[in-house]
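Peer 1: Okay, here's the prediction I keep looking at, along with the sequence it came from:
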Amino acid sequence: MGLLSLWAESLTYEYEILKSCTHHKSPRSKCKKCVESCKSNAISFVKGIPSINSEQCTQCGDCIAACSVQAVAGIFPERTVKNHRLVITGDQVPSIKELLVYYKKGITEIAYDGELSVHWRKSIEDTNEILHLLGEPPFTFMNEKMEEATIEMTRRELFFSWKKEAKSLVVKMAPAKWRFNQEDLQLAKYYPSHQFAEITLDTSKCTLCKACEFLCHHKCLNISDDSFILNAQSCSACHLCEDICPEKALTVIEKVSAHKILNLPVVTKVCSTCGQNFKTLIESDEVCVPCEKRKNLLDIH
Ligand code: SF4
Ligand code: SF4
Ligand code: SF4
């Protein structure tokens with residue numbers, strides 16, 4: 001390990017939640033993936049926003065991998081790579097997401113010395129199931145004796161090495177630049193012909209209010225005058241659209257499948273009650289949303 005790397009390894013940063021957290025975007029977000037991923041119970045909600053207790057945080061990196069919108073900042077713990085093999089050391093088991101990223105970076109073998117723990121094996125086997133759905137060969141296991149001196153790269157170095165700007169690291173030594181680049185964990189960009197989530201829309205409920213389109217940070221939803229396009233390729237399953245939709249018209253499930261785009265026609269109609277033009281996804285609709293709501297209110301009373 002070079003001097004620069006040793007210095008980087010010696011740095012510690014407290015983990016923190018960034019403004020990109022879905023709870024900063026809407027109080028209706030129900031996401032608590034980081035809280036659920038933390039085995040040390042170091043994350044809790046304070047005034048509706050997740051907050052990390054640095055005294056309890058062990059910097060295991062699980063919350064970084066769990067967050068769908070890369071809103072947890074921090075540095076992953078040490079991970080070792082040797083000859084394009086991920087070397088199993090310690091108890092920090094990588095998440096499926098992390099392994100899928102390594103895979104696309106050319107690390108397709110897992111090397112271990114002696115026994116492979118149940119947790120490591122489970123994570124790798126679960127990842128292999130996803131790789132199968134993605135049409136990729138699985139990770140292979142190598143049981144071999146490890147020589148400490150031959151270990152070449154830690155996980156932190158590994159992520160640094162992926163950056164094109166790695167060559168100019170020396171001139172970019174501001175601490176913020178040394179932080180793990182969360183964007184590296186966006187699976188969509190590594191597997192462009194697949195999607196990791198499925199978005200479904202109940203057209204009979206949607207009022208085309210555009211709230212979902214406005215809040216989706218990955219621009220998966222696009223509503224124009226003549227169509228509602230749902231493109232789940234870059235959907236990270238943050239569920240924010242589902243949580244904020246006032247009509248409960250959207251459903252997002254985590255599921256690997258071939259990339260497909262759903263293009264739903266939007267039609268312009270004349271409201272039979274008020275006579276105004278209105279947009280709808282249902283060809284047979286005769287009444288605009290405000291008139292429909294007014295009618296429902298009157299029916300209740
Ligand atoms: S996982 Fe990410 S988006 Fe969800 S609550 Fe935690 S920081 Fe916010
Ligand atoms: S799906 Fe929900 S949030 Fe999106 S436009 Fe339709 S009603 Fe509005
Ligand atoms: S489509 Fe919904 S669940 Fe997917 S990234 Fe956008 S807001 Fe999140």
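Peer 2: Ah, there it is. Numbers count the residues shown, from 1 in each chain. Ligands and ions are numbered 1, 2, ... in the order given.
Peer 1: Figure out the length between the terminal residues of stretch 45-63.
Peer 2: 14 Å (CA to CA, to the nearest Å).
Peer 1: Buried residues in that stretch, which are they?
Peer 2: Buried residues in stretch 45-63, defined by neighbour count with 16 or more other CB atoms under 10 Å: 50, 52, 57, 59, 60, 61, 62, 63. The C-beta positions use only the backbone N, C-alpha and C, and glycine is treated the same way.
Peer 1: could the residues you listed go into CSV alongside secondary structure?
Peer 2: Listed next are the buried residues of stretch 45-63 as CSV, based on DSSP: H, G, I helix; E, B strand; the rest coil:
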residue, secondary structure
50, strand
52, strand
57, coil
59, coil
60, coil
61, coil
62, helix
63, helix
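Peer 1: which of the residues you listed are close to ligand 2?
Peer 2: When CB under 6 Å from any ligand atom is applied, no member of those is adjacent to ligand 2.
Peer 1: which among those residues gets closest to residue 80?
Peer 2: Closest to residue 80 out of the buried residues of stretch 45-63 is residue 61 (14.4 Å), distances taken as CB to CB.
Peer 1: Do you know the pLDDT at the residue nearest the centre of the chain?
Peer 2: For the chain, the residue sitting closest to the mean C-alpha position, by CA atoms, centre = their mean, is residue 68 at 2.7 Å. The model reports residue 68 with a pLDDT of 91.
Peer 1: Am I right that it is in contact with residue 234?
Peer 2: No. Between residue 68 and residue 234 there is no contact under CB atoms under 8 Å: 11.3 Å.
Peer 1: how much space between residue 36 and ligand 1?
Peer 2: 9 Å (CB to the nearest ligand atom, to the nearest Å).
Peer 1: List the contacts of that residue.
Peer 2: Counting by CB atoms under 8 Å, 6 or more residues apart in numbering, residue 36 makes contact with residue 66.
Peer 1: Report the rounded mean pLDDT for the longest helix seen in the chain.
Peer 2: Scanning the chain for the helix with the most residues, using DSSP state H, yields helix 118-133. Per-residue pLDDT over helix 118-133 has a mean of 93.
Peer 1: Flag every buried residue along the next helix-or-strand element following it.
Peer 2: Once the chain leaves helix 118-133, the next helix or strand it forms, by DSSP states H and E, is strand 140-143. Residues of strand 140-143 classed as buried by neighbour count (16+ other CB under 10 Å): residue 141.
Peer 1: Can you show me the strands along the stretch 51-200 of the chain?
Peer 2: For the stretch 51-200 of the chain, the strands defined by DSSP state E, counting those that start in this stretch occupy 72-73, 80-82, 85-87, 109-112, 140-143, 153-154, 194-201.
Peer 1: what residues does the fourth one touch?
Peer 2: Counting contacts by CB under 8 Å, 6+ apart, the residues outside strand 109-112 that touch it are 82, 84-88, 120, 124, 139-144, 146.
Peer 1: The fifth one too?
Peer 2: Taking CB under 8 Å, 6+ apart as the criterion, the residues outside strand 140-143 that touch it are 85, 108, 109, 110, 111, 112, 113, 114, 116, 124.
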